[in-house]
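> generate coordinates for the sequence data below:
(3 chains)
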Amino acid sequence: MNGNAHKAGNADFQSAAATPEDVRAVAAPGNARDAATSDDIRNAAVPEDVREAAQAVLDEFAGRRRGMRPGRFVPGPPKPLREKNDIALYLEKISVSFDGFKALNNLTLYVAEGELRCIIGPNGAGKTTMMDVITGKTRPDRGSAWFTRAYNLSAMDEVSIVEAGICRKFQRPSVFEELTVLHNLELSLKGDKRVLSTLGARLSGEDRDFSAAVLERIRLHEQRNLAAGKLSHGQKQWLEIGMLLMQKPAVLLLDEPVAGMSAGEIERTVELLRDLEGEQVILLVEHDMEFVRAVARTVTVLHQGSVLAEGDMDTIRNNQAVIEAYLGEAQC
Amino acid sequence: MAPERIAAPERGSPTPAEPAGARGSGQRAVPAVRGRSPAAPPALPEAMSERVLNRPAAVFLGCLAATALGVAVCSLLPAGAPLRLDGYVVSLLGKYLCFALLALSIDLIWGYLGILSLGHGAFFGLGAYVSGMHLMREIGGRGVYGNPELPDFMVFLNWERLPWYWRGSDNMLFTCLLVALVPGLAAFAFGRPAFRSRVSGVYFSIITQAVTFALMLAFFRNEMGFGGNNGLTDFKSLLGVSLQSDYMITGLFCASALALGLAFILCRVIVASRLGRVFVAVRDAESRARFIGYRVENVKLAAFVFSAVLAGLAGALYVPQVGIVNPGVFAPLFSVEMVVCVALGGRGRLYGAVLGALVVNIAKTFFTTALPDVWLFFLGALFVVVTLLLPDGLAGIPDRLGGRLRALRAKSGVEI
Amino acid sequence: MPGFPALLLFLSLLCPARAGGLSLSPEALDSLRSAKVADREPALRELGDDPSDAAAELLEALCAGDLYVRRDNGDLLILRPGADEATLVPGGGRMPFADRSLLRKVGISNSRRTAVTAVLNRRLLRHADADVRRGAVESLRDDAAADKELLLSLLQNERDGRIRARLEQLLALLCVRDAAASRDELLRAAAVLGGASLPHAAQALANLKGHKDPLVAEAVDKALYRLRVTADRAAMLETLFFGLSLGSVLVLTSIGLAVTFGVMGVINMAHGELVMLGAYTVWGMQQLLPGRPGVALLLAVPASFLVAGSAGALLERSVIRHLYGRPLETLLATFGISLILQQAVRTLISPMNRAVESPAFMSGMLHITDNFSLTCNRVYILAFCLGVFALIYATMHKTRLGLEVRAVAQNRPIAEALGIDASRVDTLTFALGSGVAGMAGAALSQLTNVGPNLGQSYIVDSFMVVVFGGVGNLHGTLCGGLILGLANKLLEPASGAMLAKIILLTALILFMQVKPKGLFPERGRAAEN
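Predicted coordinates:
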């Protein structure tokens, strides 16, 4: 996905010999951002199947443009272009610096649909900053972040990103301590969250069933009427995961979900994650290598703001650069 | 009991501070901190009640209605009757109710949303000036200069005609509309950019104080067309009825009581709804609330505007009962005094604010007439004592005592 | 240098020169002894004709009210204020003299005093010392310089360039006023006056505006334009100076806040009252040392630091300490303390403003050019502000205490783990910030009234400065304060003082909404929390 692909895509339209695949290539992020491209698609004399694909791209493009205006646009995922193993998250050449300190340095990372990806790396490697960029908390100085091909994350605000289906668990457990567990889940429920609709909102039977299911899943059914502040540290972590599940997310960002958990709790968290795997993209930042080994298929190692290595756990363990980066930090 | 000092690193942060979730610190998450998070008031059972008329609310409304009815009846007794209340006393009580309404509006945003406005007097003042303008126009030709069109101070300043913003102020309905609109729009105009750029905590408080300070300076100017230093005064009548008549005084008192009761119910409706729980969520963990999809700035803005409208209503009812409005309502001290009313009564309970406003203002009336020098000492000490020793306010005392009692009983039960 | 100090300088040179060799007729002496002011004419006439220094001194003493007559024997003598030695007139003998009750002052009417001063001054025009001469020439205000012959003769003998320029300007002014002046003279005079700094030059030129001779009219217009530009520039410089001065006051009152609020994160609404305490320290010190305002002020600077600093330490230990992590409560509690402090001053001292004397070195003007001069107290306060800032900056960045303060502010548990006594550091930091507030009050006592409301009027401004500059850094406070001061004074001429303040507050509120973290925001992960 670079400038050449863009040119190639345009050329294909002009030659009127485009296939649906070519159209999709044009639609990929970094390519179909200017209006000229959409005009190309519209004007191209193409076969019917290509035209259909082109129309889908156009719709998507329009959605992307509207998506930049926060809060107005809650589209479903662009179905026609989805395939198994499609890329869900594109982070391309992202740099973020704080007062000269480069938290992220030309980071490029792709995460596929349904993938559970573990991100590890020594302290200060930029793991949390990467999550900040994905969730809109930090704007990248350079580079782009896209969710599927529909959402330009670096131009959306936090709430729009949440509405697009990206949910995040914070590094330190963050729940509403004075509300009951059930109320915590109720507030997180996917739906219209504007002020007036919230004022008149009631839990429907369906909502109740769903929260009961989530409560079961995070094993907090017993405590559902307890103030969240009274939960143990591990339970709060689960509650926060539960709050994310209530939003039926497409992407789950979990920042150190097992920090401060007992061995038993970690085991149950592993089960929970295994359970969730495949339903949505899960991006997991963790320091606990045992835990990572237990859940991870693909592991990405960040170091000094860029990707140092990527692969399965065994490859990573034997990677010389990774060992050097971690030397003195921890033996994994 | 002084609240324990916490050892959390972020000392400026208004959100409750959990110790960093780094490895191993989970065990360090001290139960003491968890039980009473330092920045937020302690767990309030009412805050989570889903019923609009829970027991405290019902008790409060009952008391309010009974008092209002009693005062109204007593004030209309024939002169000389043993229980008859003087017009002066009724006006004074009406004034207290207006302050209570203002305190209620502050509690809605401070107690539930954690927004401390040190400039709510500004909205109160705007409402007060709107209603003062109407009363000024009602004087008509009965003023000192006898000008049917212009208020006295404009004649005095040699103004030729009414400024445009005075137009329509002679119309009662239009004035009622403005009483809600002007403070609401002012709050919107100020709050929207402020909340969007995420000005919060003490920054917001200081800016609101600066706003009311700037307004005070502005209203002091004669050129503003609001009577400058002296403000608006010498009112004669409202709706053609003399402001001195018993019926008018009682009517205004009842209107204040009614406004307070309705505002209380409205606040309860909001607080008991899911929106009320979003308020608490925003107060305690703003970032989390945003990351589960609430537009925190809109939530805050809506609450702020609603609260400003209530404050404006309080101001509008205040003026005819007191007979004057001057730039003093914009003085920062007045706003802060109202805040301490809320703190004294107990935040996040609504009825606590009313209680605090009554106590503080009764004390103020007493001190400023009997011991004027002591009043500021008393007020200052009140600030310190309430924040240090009574973080839950007066309304929290029964809860605390109950909690102690339960703890004692549990302890002795274990021992037996 | 203008006339008055030059005159003093000259007189101080004169003093040792005895009033010897003065001969006065008995008639003149009697006229001096007379109790009636109107009788002085014979003596004045004789003294005016006498070129000797002794005569000049006598005249000067007469004008200054230092000439006395003894009630018992009718001796005339000059007795300077505070001196215990008198000079006899005539004769010039010196003798100790202390009993002033024996003396009667020799008075002089105001109109004669003006005339005598002019005569005295005229004598200085030919003095040997160029500085004295220049002073005398400069004090020849245009109206008094109507004597063209005198000016021409002075010009002939003069070597000093600045004095010559001044004389030429005076001559030009005479020429412009002279209806009979020729065109060439007028043209030359207009050119000279265009660069002059005489107060009446513009007026005199304006009278020539629209002169029938087009060349002259054009020259006059040009000269007037030059004068206006010069005046505008001076006014601009003055505005800038006043802006800087106001800015320095803002910075002074805010530096303490930048430490307590910016670095520690403690919001102290009683900060203004600590400033007030500092100002009252100056007043108290002057009560202790009556008649020596300069010494009192110098002593009061460290004293105000100590007073306000210990008040701050007390405040921190008793109240603020228990409210860490609860900023809104801290705000309210300290607000209460500010009310208590204000009322305490009202009750214990007085609700009225107290008069604080300005010592001699603080009053007076610093003349840069003829139409641009600075008031000394503002210059000193500007310097004091920069000094205090440098001191605090050095304390925060170069000392062990500063290092500990910053460490505790950034990560309290870690700092404590490293053996820093965080609670001691808190108290010290707070005392430091409060002490600086006290020093600000000491400086303010020289500019404004010292009263119970002194602090209140600065507290909102100070918070605005700190927030505007960016919380957590000192240089932001410096820039913020100076910028706000300048902006205020630049706005004032156009809008008036109160409106300028309103505009500025509004602008600041808007600025805060665009950049909530101020001019120099902190970035990074630490700033996010």
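> okay, and B:Leu355 sits in which element?
helix B:351-370 (DSSP states H and E).
> ugh, wrong one, A:Glu240
Assessed by DSSP H and E, A:Glu240 sits inside helix A:233-246.
> quick one: mean pLDDT for that helix?
Averaged over helix A:233-246, pLDDT sits at 89.
> sketch out the low-pLDDT regions of chain B for me.
For chain B, residues meeting the criterion pLDDT under 70 lie at B:1-50, B:411-416.
> quick one, strands of it?
B:232-233, B:237-238, B:241-242, B:324-325 (DSSP state E).
> wouldn't A:Gln247 be in contact with A:Leu185 here?
No - here A:Gln247 does not reach A:Leu185: they are 10.1 Å apart, not a contact under Cβ atoms under 8 Å. For every residue, glycine as well, the C-beta is placed using N, CA and C.
> who has more neighbours, these two?
Just comparing A:Gln247 and A:Leu185: by other Cβ atoms under 10 Å in any protein chain shown the higher neighbour count belongs to A:Leu185, 26 against 21.
> am I right that that one sits in a helix?
Yes - counting by DSSP: H, G, I helix; E, B strand; the rest coil, A:Leu185 is part of a helix.
> what about it, distance to B:Gly119?
Counting by Cβ to Cβ, to the nearest Å, the gap from A:Leu185 to B:Gly119 is 37 Å.
> next to chain A in this structure, residues from the stretch 201-350 of chain B, please.
B:270, B:273-275, B:277-278, B:280-281, B:284-285, B:287-295, B:298-299, B:302 (Cβ under 8 Å from any Cβ of the partner chain).
> go again using 6 Å as the cut-off
Within the stretch 201-350 of chain B, the positions adjacent to chain A are B:273-275, B:277-278, B:280-281, B:284-285, B:288, B:290-295, B:298-299, B:302 by Cβ under 6 Å from any Cβ of the partner chain.
> quick check: what element follows the helix holding A:Glu240 along the chain?
Sequence-wise, the next helix or strand downstream of helix A:233-246 (DSSP H and E) is strand A:251-255.
> you'd agree B:Ile249 is up against B:Val89?
No - in this structure B:Ile249 lies outside contact range of B:Val89 using Cβ atoms under 6 Å: 9.6 Å.
> still on that earlier bit, neighbouring contacts of the helix holding A:Glu240?
A:167, A:169, A:173, A:175, A:184-185, A:188-189, A:214, A:218, A:228, A:252, A:257, A:260-261, A:265, B:26, B:29 (Cβ atoms under 6 Å, 6 or more residues apart in numbering or on different chains).
> and the residue of the stretch 51-200 of chain A nearest chain B?
Relative to chain B, the nearest point of the stretch 51-200 of chain A is A:Arg172 (3.5 Å; Cβ to the nearest Cβ).
> what's the spacing between that residue and chain C?
Going from A:Arg172 to chain C by Cβ to the nearest Cβ, to the nearest Å gives 10 Å.
> could you list the low-pLDDT ranges of chain C?
For chain C (pLDDT under 70), the answer is C:1-22, C:51, C:82, C:92, C:98, C:139-147, C:197-199, C:369-371, C:521-529.
> tell me where it has strands.
Using DSSP E, strands in chain C cover C:67-70, C:76-79, C:85-89, C:94-96, C:103-105, C:365-369, C:372-375.
> likewise the stretch 51-200 of chain A?
A:87-98, A:101-112, A:116-120, A:142-147, A:151-152, A:166-169 (DSSP state E, counting those that start in this stretch).
> what is the helix holding B:Leu355 packed up against?
Under the contact criterion of 3 or more Cβ pairs under 6 Å, 6 or more residues apart in numbering or on different chains; DSSP states H and E, helix B:351-370 touches helix B:87-111, helix B:332-345, helix B:372-389.
> neighbour count for B:Ile249 and B:Val89, which is higher?
B:Ile249 (24 against 15).
> looking at it, A:Lys169 is touching A:Leu254, isn't it?
Yes - with contact defined as Cβ under 6 Å, A:Lys169 counts as touching A:Leu254 (4.9 Å).
> more neighbours: the two, which one.
A:Leu254 (27 against 23).
> pLDDT score for that one?
90.
> isn't it right next to A:Glu286, touching?
No - the pair A:Leu254 / A:Glu286 is not scored as a contact, 7.9 Å apart, by Cβ under 6 Å.
> show me the shaky parts of chain A.
Residues of chain A meeting the criterion pLDDT under 70: A:1-85, A:327-332.
> would you map the helices across it?
A:3-14, A:20-27, A:35-43, A:48-67, A:127-135, A:158-163, A:181-188, A:195-199, A:205-217, A:233-246, A:263-276, A:289-295, A:313-317, A:320-326 (DSSP state H).
> picking that back up, I'd like to know how many residues surround the residue of the stretch 51-200 of chain A closest to chain B.
The number of residues packed near A:Arg172 is 23, by other Cβ under 10 Å.
> ok, C:Ala206 next?
12.
> and the nearest residue to it once chain neighbours are set aside, how far from chain A?
Nearest non-adjacent residue to C:Ala206, counting by Cβ to Cβ, 6 or more residues apart in numbering or on different chains: C:Leu224, 6.7 Å away. As judged by Cβ to the nearest Cβ, C:Leu224 and chain A stand 55 Å apart.
> how close does the residue lying closest to B:Phe124 once chain neighbours are set aside sit to chain C?
Closest residue to B:Phe124 in three dimensions, ignoring its sequence neighbours and counting by Cβ to Cβ, 6+ apart: B:Gly315, at 3.9 Å. Using Cβ to the nearest Cβ, B:Gly315 is found at 21 Å from chain C.
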